[in-house]
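Engineer: Build me a model:
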Amino acid sequence: MKKLAFPDFPRTEYGQRYERIQRILRDKGMDALLLTNRSNLRYFAGLRDGAWDAYHFYFLILLPVEGSPVLMVGHGFEHLVKQCWIEDVRFWPWSKQFYMDRKSNAVSLVLDVLKERNLDRSTVGMELSGDMQLNMGQDHFNELREGLHQARIVDGSEAVWSARSIKSEAEIGRLREAARISAVGLKSGFEGLKPGMTEKQVVNLATSVMCAEGASELRFNALYAGPRAMWADGMPTDYCIREGDLVQFDGGCVYEGYWCDFKRMAVIGNPRADQQRHFELAKSGFEAAIDMVKPGVPFSAPLRAAFDVNDASGYSDFSKWCLDFGWSAIGHSVGLDIHESPGLSAGNEELIQENMVLAVEPFVTLNGVYPFWEAEEKFGLEAIVLVTATGAEILTSEELLTHDLWIA
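Structural biologist: Below is the predicted model of the structure:
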């Protein structure tokens, strides 16, 4: 057994993950998973690397139902893989033109390993869904499929999400810390909020505190105010915030690979009466949704609870439009990715399970206007929620940062 150098988690954590995915694959009739993307390599292999944004670098892992896993990387990463628990590591030689060559020696190595493991005529799952994509060029994927013409390549994302959706205690600890850091940082940003500041200045203040508190990465911190009130996920600009502007923050930090994704709202000066009323409506829907988060409850139930609040307040047309149009989700799971499956959507009758971590985020528009992008303003909150044995624990709690409309 090799000695690990700077592992992401203890070896036992990965052993448990591997045993779990093997059980899932058996249940789904798959012989192996061949995975390529950043989060999956970190989850199953413990691989952390800074080169993922250089798309010509490939890292692959084979997870067979029978036998041990295989990690495949290019030469030059011999030291990097010392952090990974997997004993069987294979290397492919770089092509002569390195960065710009359209050929990849990775594909031939994968084909050799699959043949060696008698998996070249089997059912192999890969990341082929809308919410989990390959980290592999189309030419290389086509080459791989041609080399596996006697195998069945199927979408394996459902199996992966089944494994990743239940968080371990170690993962929950990181998600809890990501939530704490994000809330402390945003509170500092809101405390410094005043007329004349730019959106960028507010985010810079918040994220500088996140860094000081231990954030590992800052990959999504949206802030939009005033005339950009409907710019969903809008990144901060040089717009100078004015008296009366609504300010919306969405995002958070990444802590040791794990995301926080939460939303809070502020206003410069006293809010208008209709702003306060709609915010309170959105908050009531948010609280009703979280009250429905508990083991054994369908993922659709929190959405229905939030929409029931809208309906009771005279906004049933808005709820109906959301359901009819397809904007029928009020949240998602969160972990190594900011958006993970399962989602809190109207058609999802899967059951919520203990130790899932969810981002709950219902919203309502000013006067219930729909389509929502035609509204002048929207109101909502988002929280990171841990599913406990009896209900929900809000990790981005009010003790860290109020759920009320922040008045600056």
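
Engineer: ok, the nearest residue to Gly76 once chain neighbours are set aside - contacts?
Structural biologist: Closest residue to Gly76 apart from its sequence neighbours, by Cβ to Cβ, 6 or more residues apart in numbering: Trp94 at 7.1 Å. Where C-beta positions appear, they are placed from N, C-alpha and C, glycine not excepted. By Cβ atoms under 8 Å, 6 or more residues apart in numbering, the contact set of Trp94 is 74-76, 105.

Engineer: Now list the buried members of these.
Structural biologist: 74, 105 (16 or more other Cβ atoms under 10 Å).

Engineer: rewinding a little: okay, the residue nearest to Gly76: pLDDT?
Structural biologist: Looking at Trp94, its pLDDT stands at 77.

Engineer: give me the element it is part of.
Structural biologist: Per DSSP states H and E: Trp94 is located in neither a helix nor a strand.

Engineer: ok, now which ones touch the most centrally placed residue in the chain?
Structural biologist: Most central in the chain under Cα atoms, centre = their mean is Ile338, positioned 2.0 Å from the mean C-alpha point. Residues in contact with Ile338 (Cβ under 8 Å, 6+ apart) are 219-220, 259, 261.

Engineer: Can I have the buried ones of those residues as a PyMOL selection?
Structural biologist: The following PyMOL line selects those of those that are buried, judged by 16+ other Cβ under 10 Å:
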select buried, resi 220+259+261
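
Engineer: any idea how far the residue nearest to Gly76 is from Lys103?
Structural biologist: 11 Å (Cβ to Cβ, to the nearest Å).

Engineer: Then Arg174?
Structural biologist: In terms of Cβ to Cβ, Arg174 sits 38 Å off from Lys103.

Engineer: higher neighbour count, these two?
Structural biologist: Taking other Cβ atoms under 10 Å, Arg174 and Lys103 do not tie; Arg174 has more neighbours (22 against 13).

Engineer: So the more buried one belongs to a helix, correct?
Structural biologist: Yes. With DSSP: H, G, I helix; E, B strand; the rest coil as the criterion, Arg174 is part of a helix.

Engineer: what sits against the residue nearest to Tyr239 when sequence neighbours are not counted?
Structural biologist: Among residues not flanking Tyr239 along the chain, Glu199 sits closest, at 5.3 Å (Cβ to Cβ, 6+ apart). Shown in contact with Glu199 (Cβ under 8 Å, 6+ apart): 223-225, 228, 236-239, 241, 247.

Engineer: Now Glu199. Its backbone dihedrals?
Structural biologist: Dihedral pair for Glu199: phi -60, psi -40, per degrees, to the nearest 10.

Engineer: again with the one 10 residues further on
Structural biologist: The phi/psi pair for Val209 (degrees, to the nearest 10) reads phi -70, psi -40.

Engineer: Tell me the pLDDT of it.
Structural biologist: As predicted, Val209 sits at a pLDDT of 99.

Engineer: can you check Phe57 too?
Structural biologist: Reported pLDDT for Phe57: 84.

Engineer: what about it, neighbour count?
Structural biologist: By other Cβ under 10 Å, the residues close to Phe57 number 17.

Engineer: For it, which non-adjacent residue is spatially closest?
Structural biologist: Phe57's closest residue in space is Ala51 (Cβ to Cβ, 6+ apart), at 4.4 Å.
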